[in-house]
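K.L.:
Structural data only, the sequence is not supplied:
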C-alpha cells in the first residue's frame with residue numbers, strides 16, 4: 001500500500017514528501033523529560049469522534065503519524081473508557097518500529113498504561129494476556145480490592161489518588177519507572193484532567209476535513225484549568241485536505 005504524501009507547511013521553507021526519518025525528527029525533539037504528549041484527531045467543527053469512535057475521523061496520514069509517535073515513546077497512556085470504546089488490544093508496534101526502538105535502547109514495544117478509577121477491565125482479555133510488555137493499571141485507593149488482586153496477576157496495579165487518578169502523581173510514577181516520554185491517546189476526560197492539572201507539555205492534533213455536528217464530545221472534557229496553559233505552534237503538516245498540527249508548551 002502506498003504511503004500518503006505528507007508535506008511540511010510551517011516552519012518555512014516548506015518541504016514536500018517527508019519520509020519517516022524526517023517525520024521522526026520533527027516529532028522527536030523534546031526539550032526535557034518527563035514530557036507528556038497528547039495525540040488527538042478532530043473534525044473541523046470540534047468533534048472528537050464520528051459515530052462514537054475517533055477512527056472514523058482518521059485517514060492514512062493521521063494513522064502514519066500515529067504509528068510513528070508510538071515509536072518515539074516509553075509508555076502509551078489511555079483512559080479505560082477509550083480502551084473499551086476503541087477496542088484496544090495488546091500494545092504492539094510494527095516490525096520497523098520494533099527494530100528502531102531496540103536500536104535506540106528502548107523496549108521493542110511501548111509499555112501500556114491504562115487509567116481506570118472503577119477498574120472495569122477484564123484480566124483475561126488479550127489486552128493483558130497477549131501484552132509483550134507487562135501493562136500498568138493506574139487506579140485509586142477506593143477501587144475494589146478483589147478486582148485489584150485479579151488485575152495484579154497480569155499487570156502492575158498502582159495507586160495514584162484516593163477517589164480519582166491525580167495526573168501529577170501519574171506522571172511522577174511513570175517517570176520514577178524510567179518512562180519519561182509519555183504518550184497519551186485520550187480519552188477526552190483524561191485529557192481534561194491533564195489540562196486542569198497543568199501536566200500537558202504537547203498536543204499533536206490532526207484536523208480532519210469533515211463537519212460532524214451532532215452531540216459528539218470535544219477532545220477535552222471536564223473542569224477548566226485555573227490558569228489555561230499557553231502553547232506555541234511547532235509545525236504544520238499537510239496531506240491532501242488533512243492538517244497535522246503540533247503545539248508545545250511555551
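P.N.:
The structure has been received and is ready for your questions. These numbers come from a predicted model, not from an experiment.

K.L.:
Let me see the ranges of the helices in this protein.
P.N.:
For the chain, the helices defined by DSSP state H occupy 20-28, 60-72, 80-86, 95-103, 126-129, 145-152, 167-176, 188-196.

K.L.:
deepest of these, which one?
P.N.:
Stretch with highest mean neighbour count among those: helix 188-196 (a mean of 21; mean count of other C-beta atoms under 10 Å). Placement of C-beta: from N, CA and C, glycine included.

K.L.:
Point out where the protein drops to low pLDDT.
P.N.:
1 (pLDDT under 70).

K.L.:
export the helices of the chain to TSV and tack on distance to residue 40?
P.N.:
Formatted as TSV, these follow (distance: least, C-beta to C-beta, whole Å):
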stretch	distance to residue 40
helix 20-28	15
helix 60-72	10
helix 80-86	11
helix 95-103	21
helix 126-129	21
helix 145-152	27
helix 167-176	16
helix 188-196	7
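
K.L.:
nearest to residue 117, of the ones you listed?
P.N.:
Taking C-beta to C-beta, helix 80-86 is the member of the helices of the chain nearest to residue 117, at 8.2 Å.

K.L.:
can you give me how far the closest one is from the chain middle?
P.N.:
Here helix 80-86 is found 13 Å from its chain centre; the criterion is C-alpha atoms, centre = their mean, to the nearest Å.

K.L.:
and the closest residue to residue 80 other than its chain neighbours, how far is that from residue 177?
P.N.:
Counting by C-beta to C-beta, 6 or more residues apart in numbering, residue 116 is the residue found nearest to residue 80 once chain neighbours are left out, at 3.6 Å. Going from residue 116 to residue 177 by C-beta to C-beta, to the nearest Å gives 18 Å.

K.L.:
Kindly report the same for residue 49.
P.N.:
31 Å.

K.L.:
So these two - more neighbours on which side?
P.N.:
Applying other C-beta atoms under 10 Å to residue 49 and residue 177 shows that residue 49 carries more neighbours, namely 23 against 15.

K.L.:
Would you agree the more buried one is in contact with residue 42?
P.N.:
No: Residue 49 lies out of contact with residue 42 (C-beta atoms under 8 Å); the separation is 9.3 Å.

K.L.:
Name the residues contacting each of the two.
P.N.:
The contact sets of residue 49 and residue 42 overlap at residue 57 (C-beta atoms under 8 Å, 6 or more residues apart in numbering).

K.L.:
quick revisit: surely the residue nearest to residue 80 touches residue 82?
P.N.:
No: Residue 116 is beyond contact range of residue 82, at 10.5 Å (criterion: C-beta under 8 Å).

K.L.:
For residue 54, list the residues it contacts.
P.N.:
40, 41, 48, 86, 186.

K.L.:
Looking at these, spot the one nearest residue 30.
P.N.:
Distances from residue 30 to these, taken by C-beta to C-beta, are shortest for residue 40, at 18.2 Å.

K.L.:
And for the closest one, nearest residue in space, chain neighbours not counted?
P.N.:
residue 219 (4.3 Å).

K.L.:
Could you do residue 166 as well?
P.N.:
residue 160 (5.5 Å).

K.L.:
Just the ones of the contacts of residue 54 in strands?
P.N.:
Taking DSSP state E as the definition of strands, the contacts of residue 54 contribute 40, 41.

K.L.:
Now do the contacts for the closest residue to residue 98 other than its chain neighbours.
P.N.:
Counting by C-beta to C-beta, 6+ apart, residue 108 is the residue found nearest to residue 98 once chain neighbours are left out, at 4.4 Å. By C-beta under 8 Å, 6+ apart, the contact set of residue 108 is 93, 98, 101, 102, 132.
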